[in-house]
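fold the following for me, if possible:
(one chain, ligands or ions: 1)
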Amino acid sequence: MSNRTSKKNPDLSRSNPERFTSAGFILAAIGSSVGLGNMWKFPYITGKHGGAAFFLLFMICLILVGLPILLAEMTIGRGGRGDAATSLYNLTGKKHWRLIGLLSVLCAFLIMSYYAVVAGWTLHYTIESITGALFRGGDDYRGKFESFASGYWPVFWQAVVMLLCGWVIAKGVSGGIEKFNKILIPGFLAILLVLMVRSLTLPGAGQGVEFFLKPDFGKLDAESALIALGHAFFSLSLGMGCMLTYGSYVEQKQSLGSATLAIGLGDMLYAFIAGLVIFPTVFSFGLEPGEGVGLAFMALPAAFSQMPFGFLFGGLFFVLLAIAALTSAVSILEVPVAYAMHNWKWSRKKAAAVISSVCFLVGVPSALSVGGVLGAFQPGGKTVFDWFDFVTSYVLMPIGGLAVTLFTGYAWKRAGEEAGLSGFWYKIWMFLIKIVAPILILLVFLYSVGIISV
Ligand code: PHE
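Residues are numbered from 1 along each chain as shown. Okay, here's the model as predicted:
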């Protein structure tokens with residue numbers, strides 16, 4: 001018996017024969033990690049927490065906690081050759097691990113329900129921007145966003161996102177997910193570079209660059225550290241079975257260590273360039289970098305409306321946001337779809353159709369709660385949308401991440417072998433995964449649910 005078999009599953013790889021090509025996997029994983037997190041969330045939280053120093057902190061969290069868990073998730077996926085719940089079971093034969101894994105599947109399903117809403121906004125803004133409609137009728141961009149978000153169009157766009165993602169997933173791992181990423185990611189990089197040159201050549205761009213790259217450590221506090229860590233998680237798509245599920249489609253010969261480095265570097269690079277697109281633009285037009293969630297949808301359109309060919313750059317910017325969102329959304333939807341295929345023996349097409357439909361319905365209240373008919377319904381001071389975000393990002397994802405560290409560090413003895421690590425790097429990995437990562441995740445978790453305060 002090879003190290004990847006267990007008594008119950010004599011040949012795991014045969015039960016899950018779909019595979020990415022080597023380059024396809026790296027692209028798809030970068031597509032998953034580079035998402036609204038990099039293009040929308042990262043700039044506004046960096047703006048709020050003082051710029052460069054926060055960026056540095058984020059990179060430290062990414063390296064010390066993000067990368068070890070990323071490697072662990074891919075290793076578990078490839079070793080177990082199942083979905084986020086089944087893989088854990090396949091490797092240990094213990095039912096409680098399947099249950100813990102099931103939490104990640106649930107988390108992915110819930111994230112998808114509201115991520116599709118924001119992805120839908122990006123599609124609406126792309127069209128509005130390219131047709132120029134966004135820039136007509138005055139420059140109250142906050143009012144424009146609010147009137148859009150409080151209507152019913154967000155539900156339409158959410159449905160479009162679900163349909164598109166369901167369709168890509170139904171086409172399979174190499175014919176769907178891999179192809180989709182191969183088409184979109186190069187275009188994404190090209191647009192990002194065009195926008196970077198545009199923003200760096202705006203008058204007064206230097207101030208934005210300085211804000212983003214010249215650290216002022218006085219602006220950091222304990223809260224910034226926790227937010228940076230939480231974001232490192234979100235940004236690398238960790239803690240909800242996504243990289244684990246993608247890992248289950250990786251060829252045995254692929255080096256997971258190099259894949260980890262490539263994905264981590266890719267994510268960092270995209271966050272870096274996103275910062276170089278957004279902050280110079282924000283400063284050049286005298287906008288506020290700490291604007292918050294509205295930075296992309298409310299502040300930037302104001303800047304685009306004032307620059308020559310702004311409709312074009314605005315259009316490109318929202319296309320970029322849409323691509324980032326869609327390649328991530330596909331990876332999130334794949335988690336529950338893979339679960340249904342393995343556990344309920346559904347065909348890929350059936351799983352994709354049923355799960356995206358149900359997920360759409362579950363997401364409708366979120367779509368209607370950002371100022372819409374459900375906007376006033378705020379149990380505990382949070383809208384439905386905020387509750388979904390809170391429960392997934394701050395409760396379920398840390399639990400999922402913690403479970404991965406404990407599984408890899410303590411429960412499964414063959415992680416090093418499957419990951420292809422030994423000696424020095426294995427020791428470092430185990431130190432981070434057994435001690436550093438669980439402690440830091442626990443701190444973030446206790447802080448975000450309000451058990452400790454700083
Ligand atoms: N990493 C994605 C982003 O940065 C979000 C994501 C989270 C994707 C979890 C998949 C899983 O936007």
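
what strand or helix carries the residue of the stretch 351-454 of the chain at minimum distance from the ligand?
Closest contact between the stretch 351-454 of the chain and the ligand, by CB to the nearest ligand atom, is at M397 (7.6 Å). From N, CA and C alone the C-beta is placed, and that goes for glycine too. Using DSSP states H and E, M397 falls within helix 397-406.

show me what that helix is packed against.
For helix 397-406, the packing partners by 3 or more CB pairs under 8 Å, 6 or more residues apart in numbering; DSSP states H and E come out as helix 67-80, helix 95-130, helix 222-235, helix 437-448.

which residues are contacting it?
Residues outside helix 397-406 that contact it (CB atoms under 8 Å, 6 or more residues apart in numbering): 68-69, 72-73, 76, 100-101, 103-104, 107, 230, 233-234, 238-241, 244, 433-434, 437-438, 441-442, 444-445, 448.

check stretch 415-423 too.
Contacts of stretch 415-423 (CB under 8 Å, 6+ apart): 3-4, 71-72, 75-76, 78-79, 255-257, 408-409, 426, 429-430.

just the C-alpha atoms of the helix holding M397, please, in PDB.
What follows is helix 397-406, C-alpha atoms only, in PDB (Å, rounded to 0.1, in the frame of the first residue of the first chain):
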ATOM      1  CA  MET A 397     -12.700  30.600   8.600                       C
ATOM      2  CA  PRO A 398     -10.500  30.800  11.800                       C
ATOM      3  CA  ILE A 399     -12.000  27.500  13.000                       C
ATOM      4  CA  GLY A 400     -11.300  25.900   9.600                       C
ATOM      5  CA  GLY A 401      -7.800  27.300   9.600                       C
ATOM      6  CA  LEU A 402      -7.200  26.100  13.200                       C
ATOM      7  CA  ALA A 403      -8.500  22.600  12.200                       C
ATOM      8  CA  VAL A 404      -6.000  22.500   9.300                       C
ATOM      9  CA  THR A 405      -3.100  23.300  11.500                       C
ATOM     10  CA  LEU A 406      -4.000  20.800  14.200                       C
END
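
could I have the following helix or strand past that helix exported to CSV, CA atoms only?
Following helix 397-406 in sequence order, the next helix or strand is helix 415-419 (DSSP H and E). Written as CSV, here are the backbone C-alpha positions of helix 415-419 (Å, rounded to 0.1, in the frame of the first residue of the first chain):
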residue,chain,number,x,y,z
ALA,A,415,2.2,15.4,6.0
GLY,A,416,5.9,15.9,5.4
GLU,A,417,6.1,12.9,3.1
GLU,A,418,3.1,14.0,1.0
ALA,A,419,4.3,17.6,0.8
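
for helix 415-419, list every residue counted as buried.
A415, G416, E418, A419 (16 or more other CB atoms under 10 Å).

and that helix, average pLDDT?
Confidence over helix 415-419, taken as the mean pLDDT, stands at 92.

before we move on, what about stretch 38-58?
On average, stretch 38-58 scores 86.

list the buried ones in that stretch?
So for stretch 38-58, counting by 16+ other CB under 10 Å, buried means 38-55, 57-58.

and those near the ligand, which?
The subset of those within reach of the ligand, by CB under 6 Å from any ligand atom, is N38.

where do the strands of the stretch 151-300 of the chain begin and end?
Counting by DSSP state E, counting those that start in this stretch, the stretch 151-300 of the chain forms no strands at all.

the helices in it, which residues?
153-170, 179-200, 205-213, 222-235, 242-247, 256-284, 299-306 (DSSP state H, counting those that start in this stretch).

for S453, which of those helices is the nearest?
Checking the helices of the stretch 151-300 of the chain against S453 by CB to CB gives helix 222-235 as the closest, at 9.2 Å.

circling back to that earlier point, ok, of the contacts of stretch 415-423, which come out buried?
Among those, the ones that count as buried by 16+ other CB under 10 Å are 4, 71-72, 75-76, 78-79, 256-257, 408-409, 429-430.

got phi/psi on D83?
phi -80, psi -170 (degrees, to the nearest 10).

and the residue nearest to V436 when sequence neighbours are not counted, backbone torsions?
Ranked by CB to CB, 6 or more residues apart in numbering and with sequence neighbours excluded, the top spatial neighbour of V436 is L64, at 6.0 Å. Main-chain dihedrals, L64, degrees, to the nearest 10: phi -80, psi -30.

kindly present the helices of the stretch 151-300 of the chain as a markdown table, with separate columns for mean pLDDT and distance to the ligand.
Shown next, in a markdown table, are these (pLDDT from 0 to 100; distance: least, CB to the nearest ligand atom, whole Å):
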| stretch | mean pLDDT | distance to the ligand |
| --- | --- | --- |
| helix 153-170 | 97 | 12 |
| helix 179-200 | 91 | 13 |
| helix 205-213 | 90 | 18 |
| helix 222-235 | 86 | 5 |
| helix 242-247 | 97 | 4 |
| helix 256-284 | 92 | 8 |
| helix 299-306 | 85 | 17 |
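
any chance of these in a markdown table with distance to A23 as columns?
Output for the helices of the stretch 151-300 of the chain, formatted as a markdown table (distance: least, CB to CB, whole Å):
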| stretch | distance to A23 |
| --- | --- |
| helix 153-170 | 18 |
| helix 179-200 | 8 |
| helix 205-213 | 31 |
| helix 222-235 | 22 |
| helix 242-247 | 14 |
| helix 256-284 | 10 |
| helix 299-306 | 33 |
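
now the two most distant members of the buried residues of helix 415-419.
G416 and E418 (7.5 Å).

would you mind naming what in the stretch 1-150 of the chain lies close to the ligand?
Residues of the stretch 1-150 of the chain lying near the ligand by CB under 6 Å from any ligand atom: S32, S33, G35, L36, G37, N38, I111.
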